[in-house]
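Asker: fold the following for me, if possible:
(one chain, ligands or ions: 1)
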Amino acid sequence: MKTIIEPFKIKSVEPIKFTTKEQRELILQEAGYNPFLIHAEDVLIDLLTDSGTSAMSSKQWAGMMEGDESYAGAKSFFRFEKTTRELTGFKFIIPTHQGRAAEKILFSILGGAGKYFPNNTHFDTTRANIEYSGAEAFDFLTELGKDTSAIADFKGDMDLVALEKFIKEKGPENIPLVMITVTNNAGGGQPVSMGNIRKTKEIASRYGIPFFLDACRFAENAFFIKKREKGYADKSVREIVKEMFSYADGCTMSAKKDALVNMGGFLAMNDSDLAMKARNILIVTEGFPTYGGLAGRDLEAIAQGLDEILDEHYLQYRIRSVEYLGEKLTDAGVPILQPPGGHAIYIDAKRFLPDIPPHEFPGQAIVCELYKVGGIRGVEIGSVMFGKTDKKSGKFIPPPLELVRLAIPRRVYTQSHIDYVVECVIEVFANRKKLKGYAFTYEAPMLRHFTARFKPITK
Ligand code: P71
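Answerer: Got it, this is the predicted structure:
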């Protein structure tokens, strides 16, 4: 088997800035030890997110010039609508400026006090939008999915037994929607099997509950199904994608991931009443239904991106390049969530730094050190992002996993960039005994990780 190469050549480049370790120590201190507050210019390799960081193709850029910027009924909207409808099969396609705007609209209609929303694992913005509506969000990841070292094909799967038990307990009338996130971002970018999607739909239908996909990384998920699930090896990714969507009654989508654009999203569904309510909110909060917070050029780029993402040479390269990073780290003994997911490698901070307890944020310690050592920016997905304090007892409740995510932007970095990342992570791992925990000096009431400030714990 020959090397799986980047299935593109590079026409336009963007220089990256080199800094010294001393400069980075100062930058980090000024940013309150929060990588979200570091200026991107001061980052050498930016693995903060794969969201909105893709490199667009020449055809997408050409589409930008073609964008019809009419307020109502723009040609670009109809291209976007046609592509999205053909792919998902949903009747109503509502453009939004990004994924969370779709979530905000959906949960402001379906949410509210006394409502419950199950998911394999809610990502932070989904959870936040549910909670903001007054409702509650629940995760039903399988036990296998919670085991960071187990190697299995579909660790993003929903725990179907627990889901059904929950529906019976809370009453289907209090559960407006069941969701599955593909791939399961907060659970390690792990794929969900077609079987699990189908069975989740069956359970939801049995209780008369609509079923939605959080579809951000649908193509990566479909590629895993092709490679790993029995009966799918000979199907095209496009066919697999269509089958995945066929089980759902709608979806939220951040186009910033698998639509290969820098901004955009949509909300889609089959229910006309829900679509009408959503469009009414859209007009107040996002814009007219044929642009919904996006420019015509953005809609063109999404339509083109949704086509390109299904190129199986691209998907093979994409999944392989993430796996490559995972393999090199594993070979060096660095504990990562296994197996590598679709868009990122997740370092297991609990096993990397067993002596730093969750309330002292081991993931944050790794993230800061990685920036210091190599100018690499990752993100903590652990107690900083998802930790809670019990209102009654004041006790800190950590989430099940303490992770550091190294997300790989699509079509942006080459293999030598990744080799450099490997070298830096290995260096941080070699010096792990010297790392210290962190404490908050500021935290906002919601989505605190974006704006929090920290200080190193010295003891
Ligand atoms: C990611 C993001 C963007 C992000 C969010 C929080 C911290 C850092 C970066 C966004 C998602 C997502 C899923 C499964 C909905 C959204 C919201 N992910 N569902 O992974 O992963 O989409 O950003 O377009 O609003 O870095 P949006």
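
Asker: toward the C-terminus, what is the element adjacent to the host helix or strand of residue 316?
Answerer: Using DSSP states H and E, residue 316 maps to helix 312-331. The first helix or strand that comes after helix 312-331 along the chain, using DSSP H and E, is strand 344-348.

Asker: and the helix or strand following that next one, what's its mean pLDDT?
Answerer: Per DSSP H and E, the first helix or strand lying C-terminal to strand 344-348 is helix 349-352. For helix 349-352, the mean pLDDT works out to 96.

Asker: also stretch 293-304?
Answerer: 97.

Asker: for the remainder of this discussion, apply numbering that starts at 30.
Answerer: With 30 as the first residue, the last one maps to stretch 322-333.

Asker: so what touches it?
Answerer: Here stretch 322-333 makes contact (CB atoms under 8 Å, 6 or more residues apart in numbering) with 85-86, 88-90, 92-99, 103-106, 108-109, 111-113, 124-126, 130, 284, 288-290, 292-293, 315-316, 320. C-betas here are computed from N, CA, C, even on glycine.

Asker: mind checking how far the residue minimising distance to the centre of the chain is from residue 480?
Answerer: Geometric centre of the chain, nearest residue: residue 214, 4.5 Å, by CA atoms, centre = their mean. Counting by CB to CB, to the nearest Å, the gap from residue 214 to residue 480 is 21 Å.

Asker: where does the prediction get shaky in the stretch 130-279 of the chain?
Answerer: Confidence mapping of the stretch 130-279 of the chain against pLDDT under 70 gives zero matching residues.

Asker: so which residues of it form strands?
Answerer: In the stretch 130-279 of the chain, the segments counted as strands under DSSP state E, counting those that start in this stretch are 145-148, 165-168, 207-210, 240-243, 279-283.

Asker: so is the last one next to the ligand?
Answerer: Pointing back at strand 279-283 there. Yes - applying CB under 6 Å from any ligand atom, one finds strand 279-283 touching the ligand at residue 283.

Asker: residues making contact with the helix or strand that that strand is followed by?
Answerer: Per DSSP H and E, the first helix or strand lying C-terminal to strand 279-283 is strand 294-298. Here strand 294-298 makes contact (CB under 8 Å, 6+ apart) with 113, 117, 119-131, 134-135, 241, 278-285, 304, 307, 321.

Asker: next step: the contacts of stretch 322-333 restricted to strands.
Answerer: 124-125 (DSSP state E).

Asker: which among the contacts of stretch 322-333 count as buried?
Answerer: Restricting the contacts of stretch 322-333 to buried positions leaves 85-86, 89-90, 92-93, 96-97, 103, 105-106, 108-109, 112-113, 124-126, 130, 284, 288-290, 292-293, 315-316, 320, with burial counted as 16 or more other CB atoms under 10 Å.

Asker: what residues are up against the residue lying closest to residue 343 once chain neighbours are set aside?
Answerer: The shortest distance from residue 343 to any non-neighbouring residue, by CB to CB, 6 or more residues apart in numbering, is to residue 36 (5.5 Å). Each residue near residue 36 by CB under 8 Å, 6+ apart is listed here: 340, 342-343, 346.

Asker: nearest to the ligand among these?
Answerer: residue 343 (19.4 Å; CB to the nearest ligand atom).

Asker: what count of nearby residues applies to the closest one?
Answerer: 21 (other CB atoms under 10 Å).

Asker: wait, residue 434 sits on residue 405?
Answerer: No - Residue 434 sits out of contact with residue 405 when judged by CB atoms under 8 Å, with a separation of 11.9 Å.

Asker: what about residue 392, distance to the ligand?
Answerer: 13 Å (CB to the nearest ligand atom, to the nearest Å).

Asker: list the contacts for that residue?
Answerer: Taking CB under 8 Å, 6+ apart, one finds 376, 378, 409-413, 431-433 in contact with residue 392.

Asker: looking at those residues, which one is closest to residue 365?
Answerer: Comparing the contacts of residue 392 against residue 365 with CB to CB picks out residue 376 as the nearest, at 5.5 Å.

Asker: number of residues surrounding the nearest residue to the closest one once chain neighbours are set aside?
Answerer: What sits nearest to residue 376 in space, not counting adjacent residues and going by CB to CB, 6+ apart, is residue 433, at 4.2 Å. Per other CB under 10 Å, the neighbour tally for residue 433 reads 30.

Asker: which element is residue 433 on?
Answerer: Counting by DSSP H and E, residue 433 is found in strand 432-436.

Asker: quick revisit: mind listing what's buried in the helix holding residue 345?
Answerer: For helix 341-360, the buried set under the neighbour-count rule, 16+ other CB under 10 Å, comprises 343-348, 350-358.

Asker: flag every residue of this protein that's near the ligand.
Answerer: Going by CB under 6 Å from any ligand atom, the residues of the chain near the ligand are 78, 80, 127-129, 152-155, 210, 214, 243, 245, 283, 285, 294, 408, 436.

Asker: just the buried members of those?
Answerer: 78, 80, 127-129, 152-155, 210, 214, 243, 245, 283, 285, 294, 408, 436.

Asker: tell me how the protein divides into domains.
Answerer: 50-79+340-485, 87-337 (automatic domain parsing).

Asker: okay, now the residue nearest to residue 182 when sequence neighbours are not counted: neighbour count?
Answerer: Of all residues not flanking residue 182 in the chain, residue 257 sits nearest, at 4.2 Å (CB to CB, 6+ apart). Using other CB under 10 Å, residue 257 is surrounded by 15 other residues.

Asker: just checking, residue 257 touches residue 219?
Answerer: No - look at residue 257 against residue 219 with CB under 8 Å: they stay out of range, at 11.0 Å.

Asker: give me the common contacts of those two.
Answerer: Joint contacts of residue 257 and residue 219 (CB under 8 Å, 6+ apart) are residue 183.

Asker: please report how far residue 470 lies from residue 332.
Answerer: 45 Å.

Asker: okay, those two: which has more neighbours?
Answerer: The neighbour count for residue 470 versus residue 332, taken as other CB under 10 Å, is higher for residue 332 (24 against 11).

Asker: so which helix or strand takes in the more buried one?
Answerer: Assigned by DSSP H and E, residue 332 belongs to helix 325-337.

Asker: quick one on the thing from earlier: secondary structure class for the residue nearest to residue 343?
Answerer: Classification of residue 36 by DSSP: H, G, I helix; E, B strand; the rest coil places it in coil.

Asker: residues near the closest residue to residue 186 other than its chain neighbours, how many?
Answerer: Among residues not flanking residue 186 along the chain, residue 225 sits closest, at 4.1 Å (CB to CB, 6+ apart). The number of residues packed near residue 225 is 21, by other CB under 10 Å.
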